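J.: sequence and predicted structure are below.
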Amino acid sequence: MRRLLTRLVTLGTVSLGLAVSVGFAAPLSMSPEEARAFAWRSLQQNRPHITLQIADALNKRDPDSFEASLLRGEALRSLQQPKAAKGAALKAWSLAQTPEHRFNAAHLVAKSYFADGAKLRAQFWLRRAAQNAPDAQARRLAKRDFNFVRRSKPLSTALSFSVFPSSNINNGSTNDALVIGGLPFRVPASGQPHSGTGFRLGMTTRYNKELNDTTLLRLGFSATGTTYKLSSASKALGSGKTGSDFSYAAVEVQAGLTLYPDSGQTPGFGATRFDLALGRSWYGGSPLSNYMRAGVGQDYNISKTARLRGTLELERQNRLDSAISSANIASFNLEMQHRFQNRARVGYGLYLRDTSSRSNLVESRVTGGHLTYTPPPLPVDVVPSFSLSAERTEYPRLRIAGVARADERARAAVSLLFPKVDYYGFAPTLNLSASKTNSTVPIYSTKDLRMNIGFKSTF
């Protein structure tokens, strides 16, 4: 039986006219298996014209040959014919039957698009290659090439979407009634907590251009929108509110410069950032404010694994719903970040914010701190991170029934990333958070439990 199969393969040889290319005086005959092996060797030896001749002969023998189409695409790409290479690679993709075949075809389509200058489509096909990678090594190759394309592409766009149930989407008071000046008052339905489900969609576009070895120009645009669907319990409160009454949207354009030091000595000063942003926001479908924000940030590298970052921002908000609520905001943030050899990360810092306004309800002083921790890789397929924050907000000109308002807020959150539940390089995330605000004026005391389900790129 083996002799019969060998004889059939021998009889089914392909006559390839390569006498001039490979130094033979007459056409060389070889089996399809030998021809494919010789074609790959020719490609590795930088002789793509020979590979192309073999691929064309194999394709004539079997028009539905995956390997012939793949060989033809690789040869055309090496011959700097990206459009023809893309056509051959797409044909190979349509003929692919196994994960290895689909990975190789998608990887070739991506390389062809990249050679033709279509970097966004190259990234899509690299995600498709990663999705069909037959093993971890192939997936790492697709991720490496994806990051290479991203670094070579000055313009990048990212989309985000999340769904989050919340127990208090309107920041309503936890007290149904309160006593002011010895008289009881009932909190209206509109001021009580409204539960529901939020839907958030965001888009960010960035353009980076290196002006020289130490200066990076950054331009950007972002848009985000959040709307809600109220629960039946919230509708039963009788406030007359709908989910869209609590919707929020904002668009923003940004410009910035990053200045890198001439030497990367550690310890020493790191990158310096200058940022400017202009934006507009809406609440409940109506214009809320126009704003401008300017900031400067400075990094200081304490060691190769520890960095201190300071940021100062100034913002002007022109309120469109109520001119008296316009404000000038100054904020300062100081944060320390550590990376450990076991790949755990810790960050902690302090922040201050001063808001000046003609409105007693808006003018405030905030002092706060935060802590974040990402543990080393776990034996289970989940990447958690934890955060804690606490802040105190004082309203110096707001007194109700002789009591000056001061709020103390605490928040705890955990974020879970599931990298193995991956689709095209996107993995699901689950974020859980709980916050509580205690106020000297009881009507401003609130609680909120929130769960956020979304997706995050893994490369």
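T.: Perfect, thanks for sending it.

J.: please make it C-alpha for all contacts and neighbour counts, starting now.
T.: Will do.

J.: give me the number of residues near V380?
T.: 8 (other C-alpha atoms under 10 Å).

J.: where are the low-confidence patches of the stretch 351-459 of the chain?
T.: Along the stretch 351-459 of the chain, the model assigns pLDDT under 70 to no residue.

J.: let's go with 90 and repeat that
T.: 377-382, 399-403, 418-429, 441-459 (pLDDT under 90).

J.: what's the neighbour count on G198?
T.: 22.

J.: residues making contact with the strand or helix carrying it?
T.: Assessed by DSSP states H and E, G198 sits inside strand 196-212. Strand 196-212 is contacted from outside by 154-169, 216-231, 234, 243, using C-alpha atoms under 8 Å, 6 or more residues apart in numbering.

J.: show me which of those are buried.
T.: For the contacts of strand 196-212, a burial check counting by 16 or more other C-alpha atoms under 10 Å picks out 155, 161-169, 216-231, 234, 243.

J.: so of those, which ones are in strands?
T.: Mapping the buried ones among the contacts of strand 196-212 onto strands (DSSP state E) picks out 155, 161-166, 216-230.

J.: quick one, strands of the stretch 251-400 of the chain?
T.: 268-283, 286-303, 306-319, 327-339, 345-357, 364-374, 383-400 (DSSP state E, counting those that start in this stretch).

J.: tell me how far the shortest one is from the chain's mean position?
T.: Here the centre of mass of C-alpha atoms in strand 364-374, compared against the chain's by C-alpha atoms, centre = their mean, to the nearest Å, lies 23 Å away.

J.: now do the third one
T.: For strand 306-319, the distance from its own C-alpha centre to the chain's C-alpha centre is 22 Å (C-alpha atoms, centre = their mean).

J.: just checking, what packs against it?
T.: strand 286-303, strand 327-339 (3 or more C-alpha pairs under 8 Å, 6 or more residues apart in numbering; DSSP states H and E).

J.: over to the shortest one?
T.: When contacts are defined as 3+ C-alpha pairs under 8 Å, 6+ apart, strand 364-374 sits against strand 345-357, strand 383-400.

J.: can you list these in JSON lines and add distance to Q337 and mean neighbour count?
T.: Converted to JSON lines, the helices and strands packed on strand 364-374 look like this (distance: least, C-alpha to C-alpha, whole Å; neighbours: other C-alpha atoms under 10 Å):
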{"stretch": "strand 345-357", "distance to Q337": "4", "mean neighbour count": "18"}
{"stretch": "strand 383-400", "distance to Q337": "13", "mean neighbour count": "17"}
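
J.: tabulate these in TSV, adding columns for distance to A142.
T.: Listed next are the helices and strands packed on strand 364-374 as TSV, based on distance: least, C-alpha to C-alpha, whole Å:
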stretch	distance to A142
strand 345-357	26
strand 383-400	21
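
J.: other residues contacting stretch 63-73?
T.: Contacts of stretch 63-73 (C-alpha under 8 Å, 6+ apart): 36, 39-40, 51-52, 55-56, 58-59, 84-89, 91-93, 95-96, 101, 104-105, 108.

J.: repeat that with 6 Å
T.: L52, A55, L58, N59, A85, A88, A89, A92, L95 (C-alpha atoms under 6 Å, 6 or more residues apart in numbering).

J.: and the strands in the stretch 1-150 of the chain?
T.: For the stretch 1-150 of the chain, the strands defined by DSSP E, counting those that start in this stretch occupy 14-16, 28-30.

J.: mind listing what S231 touches?
T.: S231 neighbours (C-alpha under 6 Å, 6+ apart): S195, G196.

J.: same thing but 8 Å
T.: H194, S195, G196, T197.

J.: bridged to the third one, which residues?
T.: Applying DSSP bridges to G196 yields these beta-bridge partners: S166, L230.

J.: what pLDDT does it get?
T.: Per-residue confidence for G196 comes out at a pLDDT of 90.

J.: number of residues surrounding it?
T.: G196 is flanked by 22 other residues according to other C-alpha under 10 Å.

J.: pull up the gap between it and D275, please.
T.: Separation of G196 from D275 (C-alpha to C-alpha, to the nearest Å) stands at 36 Å.

J.: skipping adjacent residues, who's closest to R409 in space?
T.: Of all residues not flanking R409 in the chain, T437 sits nearest, at 4.2 Å (C-alpha to C-alpha, 6 or more residues apart in numbering).

J.: ok, how many other residues are close to that neighbour?
T.: 21.

J.: so it touches E408, yeah?
T.: Yes. Between T437 and E408 there is a contact under C-alpha atoms under 8 Å: 5.5 Å.

J.: which ones are touching the residue nearest to L350 when sequence neighbours are not counted?
T.: Excluding the flanking residues, the one nearest L350 by C-alpha to C-alpha, 6+ apart is G369, at 4.3 Å. By C-alpha under 8 Å, 6+ apart, the residues touching G369 are Y348, G349, L350, Y351, S389, A390, E391.

J.: make CSV out of these and add distance to R72.
T.: Shown next, in CSV, are those (distance: C-alpha to C-alpha, whole Å):
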residue, distance to R72
Y348, 55
G349, 57
L350, 60
Y351, 60
S389, 58
A390, 62
E391, 63
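
J.: what's the closest of those to V253?
T.: Distance ranking of those against V253, using C-alpha to C-alpha, places Y351 first at 24.7 Å.
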